[in-house]
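Colleague: Following is a predicted model, sequence given first.
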Number of protein chains: 2
Amino acid sequence: MLAAASLALSAAAQTWVWYPGDYEIWLGNRMNNNRTERGAFFPPFWKTDSHYVTVEFSKDLDLPEDEVITIKAEGKYNVKLDGKLQFGEPSEFRLPAGKHKLNIKVWNQATPPALYVKGKTVNTDSSWKVTNEDKEWIDESGKASDTSATTYALAGYWNFDDIDIPPSAFTLQYEPLEKVTVKEITADGGKLYDFGKETFGRIVLKDVTGNGNVNIYYGESPEEALDIDFCETLDKIGFGADKVTDLATAATAERNKDYTLDNTKAFRYVYIAPESGVDVADASMLYEYAPVEYRGTFKCSDPELNRIWDVGAYTMHLTTREFFIDGIKRDRWVWSGDAVQSYLMNYYLFFDSPTVKRTTRLLRGKDPVTAHINTIMDYTLYWFIGIYDYYLYTGDKEFVKEIYPRMQTMMDYVLSRTNKDGMLEGMTGDWVFVDWADFPMSKQGALAFEQVLLCKSLETMKLCADIVGDDKDAKLYGELAADLRGKLIPTFWNEEKQALVHNVENGKKSDQVNKFANMFAINFGYFDEPTTESVMTNVMLNPDVPAITTPYMRFYELESLCDQGLQERVLTEMKDYWGGMLREGATSFWEKYNPGDSGTQHLSMYGRPYGKSLCHAWGASPIYLIGKYYLGVRPLKPGYEEFSITPNLGGLKWMEGTVPTPDGEISLYVNTREIKVKATQGKGYINFRSKVKPKSDYGTVEKTGDNSYRLFIDTDRQITIKYKEV
Amino acid sequence: MLAAASLALSAAAQTWVWYPGDYEIWLGNRMNNNRTERGAFFPPFWKTDSHYVTVEFSKDLDLPEDEVITIKAEGKYNVKLDGKLQFGEPSEFRLPAGKHKLNIKVWNQATPPALYVKGKTVNTDSSWKVTNEDKEWIDESGKASDTSATTYALAGYWNFDDIDIPPSAFTLQYEPLEKVTVKEITADGGKLYDFGKETFGRIVLKDVTGNGNVNIYYGESPEEALDIDFCETLDKIGFGADKVTDLATAATAERNKDYTLDNTKAFRYVYIAPESGVDVADASMLYEYAPVEYRGTFKCSDPELNRIWDVGAYTMHLTTREFFIDGIKRDRWVWSGDAVQSYLMNYYLFFDSPTVKRTTRLLRGKDPVTAHINTIMDYTLYWFIGIYDYYLYTGDKEFVKEIYPRMQTMMDYVLSRTNKDGMLEGMTGDWVFVDWADFPMSKQGALAFEQVLLCKSLETMKLCADIVGDDKDAKLYGELAADLRGKLIPTFWNEEKQALVHNVENGKKSDQVNKFANMFAINFGYFDEPTTESVMTNVMLNPDVPAITTPYMRFYELESLCDQGLQERVLTEMKDYWGGMLREGATSFWEKYNPGDSGTQHLSMYGRPYGKSLCHAWGASPIYLIGKYYLGVRPLKPGYEEFSITPNLGGLKWMEGTVPTPDGEISLYVNTREIKVKATQGKGYINFRSKVKPKSDYGTVEKTGDNSYRLFIDTDRQITIKYKEV
């Protein structure tokens, strides 16, 4: 079953429903608050929102005959039929035939109020309305007021279709995994377990005998696991005669032969060190994972690139959980800048729209907006851009309509913090992040980078305002976007350096040139063609411009190179950079990689010897680059109504792969003489270059230029094109 | 122990602390959601807020020596010393000597994160800072950011000084009460229990035998209890072999000989009707009450007035619970218009400041403001005025500083809804209430009544802005208040009728005159003296102006009469109106009383035969009128730093009573020849009229006019004045 298809189905069948966004905020709190640092609980430092505690669900009915419904709620609830309250909290209720209004109000402080109604025709689904504030009252005579001021939303839902499994009971899935090797480290029985690759889950201590404390030190590297004073995460478990105590939380459990830890950790290595009096015979783990499906595939003639794709996909799988998170060892938090890349990788791997939507809702949280998302200015702007991308890849207008009001209040906040030129400068409390850069970079004044992102954000607002039919604001956002875009070159362009400079500070244009603003301007198509070419030469390919050392920004850097047709060069860079991590033993991709580092230098960050995350979503960008720029598949119209396929071998002998679409997929096999392509959804051109006049077994190949051809694909059968690579 | 004194103490000693306002919001949800209607759960229809789920408490320390603290939290927590996270959730922690920064972060979805720290010198109290959003982060090198953007508040607290009784465990107190009479109603064992007066609590079913359902119908009148189809509240309890089920909530309990209901109800009468197979031998109750103390007293030569005062005091006691609520039978909700009167009565009865503060916090809730308080325009304005009164009576600047930021955002909302003249008109979703009036009254356009309240609200903002030192906004609010006040007469005055007219609608001044705007303008001193006199004659004492029939608005009406020295007339009106309720058998005062009604007409409201509340806080206004206008005690400067005592017998032969002050009391005995007065706090004049030159055993009596005298009181001993009543 395809993700998008199952989504559509669950909207039609009965399912648990709630106030849109509230479940995500609650689940997000549970997720973000799983972070620990050396046994200390470590929640996020930004404002944590919470669900509306009282919400009312409603549905207008027109029943041909009486119908008995089953009602279940998470929370205390009441039932109103045509405005009349019914006795108690009925679990079964007979609805009379005819036109009626059914309202069910639910209160729950601890978890989001949720509702499940199951009848012959009356079932909770996304067509139910929900409000957190019914503006209704009755006058002294008992007459009900006009409720026209009440703001209703359509109910939120996911895939909780079983009445007996309420939303708050959600967990990821588990699978037992065994160690690959184990090594005795000390005479007193400490052992280092290696699970063979980066993984995530709960440790199982087996056959524990005696009484005493067992210390568990986790490592993404063996150095970390064995460094009991500096490893990032650890557990201390006390074994008593009858009970077992988690010494960090003081939670206790009955003592059995084996003990499975309550909490999850990221690790490849685990050093288990029992104190005297207690012995642990063995250890295994319960692997915890989100049941997402690899719908995208890739294979080619270069085994190293295949390995890069596979490790990238695994990195994505590990960081795709309740939400798209940054990395699994340390933060385990949802960060907007990380998420916007995960979304794009996801479109070429899982195409799991629900996870994109959940993450987008959680990041936004509730009004009022009191800070940037994750407190970071750029991350607020990525949040808008992520919605632009989501709509382009999925065509999901329903979600745009749901999220638009919160986009507006978020943009209100952004616009309330612009300077007289309509540009964003860091104010007190704003984290102006950009990147972890190895060169000095001012965060003062107006950064060209932030204005490029703001411009795209305003364009996103315009797009979404058009979708929801908000003409007035569409005009406003369109004008603001055009105005800002018009100011980019006058404000930041340095003619001599042929580049956008880094910033304008105290009215003074800086001399500093780096790649950040320039590559985003290329990717967003903000330069004309000659300027783009000049910026490619003078900035992107200029060795004097400081190098980018995070996979995070390499994502956009390599995208801009691919965008200019430099796939061959990018292939070399991928093999150097991601291949470099593999040669360092990576089994998942890292938060940061500096090829100049060696040994344990690779492990340190944030002033801590093992501070660096070795499984970081933004490390997986080859997934996106390969799908979009080698297989060359992308949506031209929302939801792949029209696609574009521009395969580019980039020096490979052959490649084959699949790119998922909302309700189908696009598969390709390409070598230097033959292209096989099959698209089960959408229509569009495949574009390619050929030294000879190509032959196709379908349609008519058109010549579009020197050695350039295209073929319109409007069939879901496989098409074979014979050609000769240029 | 005086309430205000105990408040000050609990702020100094260790006590449970939380984010200010959050506990009240949580407790308020629990309270408001106790409303039921014929067995259905009936939560408020306005937006229900909730607490911040993650908050950080902090304290800067400077310790002469090491100190071990005990830590307890409601929620999952961590401990940071000087920015370094400590392992686990330590219940004991050693603080080293010297300067240190202690931070404890608590997460709790279900109940407000709360903290208790107990040490030799380090104890949680109101000096601890708390934030829900620390704007902090570290850079790649591990350097912590500037956290100067983080907004801290001072911790909230009440009187939870016992580490083992966390705030979420709070309950009111209970006391067993017995029926006064019981009457068999039917052959099958139904019995009507009479508890002798209006009361509140849990029914106890005694010696229940057999199996089956027991139906319990509550009544504030015998008619209501016996009308099983229309009584407002009821319970259905199912007795099985081993367990008892509350059929409304499906909650079960083990079956014992007696069964105490889980929920509370208001009633004087209870009709207990077991279905066949089950028998209830007897019933009693657990009376539930707030442990507030009657600090105000009153006794006089008129036994009926004494009874009015006593029943008023009892009405106040019944409606003073977790918060000041409207009435105990039906809504059991916190309404701002009701509360602002409860506050004033409270200052003459309990002087319980914590309940005023709790109610004020709950009513305000959280940002963003999306509607008027309780959805009612006037109720938002009363909320401001309640803070004005609170400050005047208590002098509590600490609370003003706490609540001021939420006053600002509330006023932002109000000001965002004014018309071009700066006046409030009802917009979609606004309930323009004014009163339950028996005459037609337009709610359209700008009502004079609402503008008078708005003017006082803006004056309150100016006062509070001055207190917190917000000069800029003090100026703004001052100007807005002056501007609006200047517009009242030009906009609403009708020269012929010598009155403010009801409203201006579509630019047209209405002809309708009623008392509402006029009496508030008198009470707020908005008319000059001649205008006041004319309005008294032409409106307040004019029988052609429609009469007020709710005790709610009679509160202000009688206040304005007293304000003009008409105590004798008001005494007659009190005896007519409140005496009228007593003669109808009232044991607490009602939501509405129309002397023209008879029999069961008195019970109906809202189109329901027993819709009217027979125990409504706003029914108790004689408590306020007597204290302020007969005993004549009021603060002139905040917190009774200066008081004014202007006794007025109003035709009584003698009266005696006590008015509480924040840290003391003012006691009076007055007859026509002698005044005895004793003020244990503050200084001020006693003003009185006398036909002869008065004699005092303290100070010097000054003559202030014809038959008018005053004496400055700056002693806490009893003073006796000999005089002769005019």
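Modeller: Good, I have the coordinates.
Colleague: Show me what from the stretch 601-726 of chain A comes close to chain B.
Modeller: Proximity of the stretch 601-726 of chain A to chain B, by Cβ under 8 Å from any Cβ of the partner chain, involves residues A:605, A:606, A:607, A:608, A:611. No exception for glycine: its C-beta is placed from N, CA and C like everyone else's.
Colleague: Mind picking the two most distant members of the residues you listed?
Modeller: A:605 and A:607 (7.9 Å; Cβ to Cβ).
Colleague: between the residues of the stretch 601-726 of chain A next to chain B, which is closest to chain B?
Modeller: Among these, residue A:607 lies closest to chain B (Cβ to the nearest Cβ), at 2.7 Å.
Colleague: per-residue confidence at the closest one?
Modeller: Residue A:607 carries a pLDDT value of 93.
Colleague: and what of residue A:142?
Modeller: 77.
Colleague: who are the neighbours in contact with the residue lying closest to it once chain neighbours are set aside?
Modeller: Spatial nearest neighbour of residue A:142, chain neighbours left out: residue B:607 (2.7 Å); criterion: Cβ to Cβ, 6 or more residues apart in numbering or on different chains. Residue B:607 makes contact with A:141, A:142, A:143, according to Cβ atoms under 8 Å, 6 or more residues apart in numbering or on different chains.
Colleague: separation between the second one and residue B:604?
Modeller: Counting by Cβ to Cβ, to the nearest Å, the separation of residue A:142 from residue B:604 is 10 Å.
Colleague: The two: who's more crowded?
Modeller: residue B:604 (16 against 12; other Cβ atoms under 10 Å in any protein chain shown).
Colleague: In the sheet, which residues pair with the residue nearest to residue A:423 when sequence neighbours are not counted? Tell me.
Modeller: Computed as Cβ to Cβ, 6+ apart, the closest residue to residue A:423 that is not its neighbour in sequence is residue A:446, at 4.2 Å. Note on residue A:446: beta-bridge partners residue A:425, residue A:504, judged by DSSP bridges.
Colleague: so what's residue A:446 up against?
Modeller: Residue A:446 touches A:419, A:421, A:423, A:424, A:425, A:491, A:503, A:504, A:505, counting by Cβ under 8 Å, 6+ apart.
Colleague: can you count the residues close to the residue of the stretch 301-450 of chain A found nearest chain B?
Modeller: In the stretch 301-450 of chain A, the residue that lies nearest chain B is residue A:429 (2.7 Å; Cβ to the nearest Cβ). Using other Cβ under 10 Å, residue A:429 has 20 neighbouring residues.
Colleague: That one reaches residue B:145, doesn't it?
Modeller: No - contact criterion Cβ atoms under 8 Å: residue A:429 and residue B:145 do not qualify, at 9.5 Å.
Colleague: shared neighbours, these two?
Modeller: residue B:135.
Colleague: Give the residues shared as contacts by residue A:142 and residue B:604.
Modeller: residue B:611.
Colleague: So what touches stretch A:452-471?
Modeller: Residues contacting stretch A:452-471 (Cβ under 8 Å, 6+ apart): A:378, A:380-382, A:384-385, A:387-388, A:391, A:397, A:400-401, A:403-404, A:407-408, A:411, A:414, A:423-424, A:473-474, A:477-478, A:480-481, A:484-485, A:488, A:500, A:517, A:520-521, A:524, A:526.
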